[in-house]
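Engineer: Sequence and predicted structure below; questions after.
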Amino acid sequence: MAWHHFTVGVSVSRTSEFNRQVFTQVINLDRCDDRLATITGELSEARISFSRFDAIDGRNLAWPDDPRIQADIDLKKWVACHHRNPIPADVGCYLSHLGAIRAFLAQDKPYGLILEDDAKVPRSLVSLLAPVLADDAFDILKLHVRHPGPLAARKVYNENCTLSSILGKHAGATAYLITKRAAERMVSHMVPGCKMNDWVYDEAHKMGLRLRTIDPMPVGLHHVGSTIESERDKSNRSWIEKQVDRPLSPRWALFFVRAWDEFHRGMFNLFTDGCLKALILGPEKVNTMKVEAMPPGQQPSQRPTPTENYNRQASR
């Protein structure tokens, strides 16, 4: 896997602390130089150092016997879960995100920020995320969500940053921040792959993880053509051609599987993850000055990492 490292901007104070804690990656296909140029400029303005993750182009995989597919994807189960065969772009996207998560696990930083190259990164991202990182109140933090549905506000840091739980099913893997604990469980849950990668990230209830988003969402989406959607080329395929990708089993069977999953998700969110309490009592208002303050004499590098915090809790 080819790696290309970029160091952008001159870090001071908060940005240097962010770059010390967060391993940032941009997933980018070799054929998408224009996208890389755009997001490089935005990350430079935000003073965020990052590495380019060389995305896997599904069109270059030896289908279906490529070793990467055999190792990490279950094509038969994928058909059962989606009622259609995956296209190369689906699998390439899945393997790229899985590879980026594994790359984060190989680092010694407590947080991993993974961005797709069409993410629209605001200049103020570091400042916005600072109180959230200091508070250690999430496992998966979605910075961009498609179809988020209703939210349950959990913590209010300021008028531009409310940490919220997503009550229903959502989609999108454009931008997300994860802890080491989350990455380990995600890799275990993702292999073998049988669903779209953003569907898997939505299954925090199956991984026992705290999935959160920020309201309003800090990361946008550039209006560029999707490499996955363009490969599907839906508009040029007839109804008969589309049926070739579908299994013979009845599609209605998926309704019961997905209905049960939604029930499981709802129970986990409301009771196990505490959303019901948050909806009744309202969100906690956090004193960001207190959250970001450290004990006298403690240097930033001495701050306990999320993994250390969890290990301490487990040993009690």
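Structural biologist: Perfect, thanks for sending it.
Engineer: Quick check: buried residues in the host helix or strand of Ser188?
Structural biologist: Ser188 belongs to helix 180-190 when assigned by DSSP states H and E. Neighbour-count burial for helix 180-190, counted by 16 or more other CB atoms under 10 Å, picks out Lys180, Arg181, Ala182, Ala183, Arg185, Met186, Met190. C-beta here means a position set from N, CA and C on the backbone, and glycine is covered the same way.
Engineer: Name the residues that touch the following helix or strand past it?
Structural biologist: For helix 180-190, the following helix or strand on the C-terminal side (DSSP H and E) is helix 197-201. Under the criterion CB atoms under 8 Å, 6 or more residues apart in numbering, residues 93-94, 97-98, 140, 142, 146, 171-173, 176, 186, 189-190, 193, 211 lie in contact with helix 197-201.
Engineer: Just the closest of these to Gln70, please.
Structural biologist: Of all the contacts of helix 197-201, Gly193 has the smallest distance to Gln70: 11.5 Å, by CB to CB.
Engineer: can you pull the contacts of the closest one?
Structural biologist: By CB under 8 Å, 6+ apart, Gly193 lies in contact with Asp72, Ile73, Asp74, Trp78, Val91, Tyr94, Leu95, Leu98, Val200.
Engineer: Looking at those, state which has the most neighbours.
Structural biologist: Neighbour counts for the contacts of Gly193 were taken using other CB atoms under 10 Å; the highest belongs to Tyr94, with 27 neighbours.
Engineer: Please report how far it lies from Ala153.
Structural biologist: Counting by CB to CB, to the nearest Å, the gap from Tyr94 to Ala153 is 32 Å.
Engineer: ok so, going back, okay if I get the buried residues of helix 180-190 as a markdown table plus distance to Ala55 and pLDDT?
Structural biologist: Formatted as a markdown table, those follow (distance: CB to CB, whole Å; pLDDT from 0 to 100):
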| residue | distance to Ala55 | pLDDT |
| --- | --- | --- |
| Lys180 | 23 | 98 |
| Arg181 | 25 | 98 |
| Ala182 | 21 | 98 |
| Ala183 | 18 | 98 |
| Arg185 | 23 | 98 |
| Met186 | 18 | 97 |
| Met190 | 16 | 96 |
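Engineer: List just the nearest of those residues to Ser51.
Structural biologist: Ser51 lies nearest to Ala183 out of those, by CB to CB, at 15.4 Å.
Engineer: was I right about that closest one contacting Leu105?
Structural biologist: Yes - proximity of Ala183 to Leu105 meets the contact threshold set by CB atoms under 8 Å, at 5.2 Å.
Engineer: Low-confidence bits of the stretch 1-150 of the chain, can you list those?
Structural biologist: The model of the stretch 1-150 of the chain has pLDDT under 70 over residues 1-12.
Engineer: What segments of it are strands?
Structural biologist: 3-6, 22-28, 50-54, 111-116, 119-120, 140-142 (DSSP state E, counting those that start in this stretch).
Engineer: Same question for the helix with the most length in the chain: list its buried residues.
Structural biologist: Scanning the chain for the helix with the most residues, using DSSP state H, yields helix 88-105. Neighbour-count burial for helix 88-105 flags 88-101, 103-104 (criterion: 16+ other CB under 10 Å).
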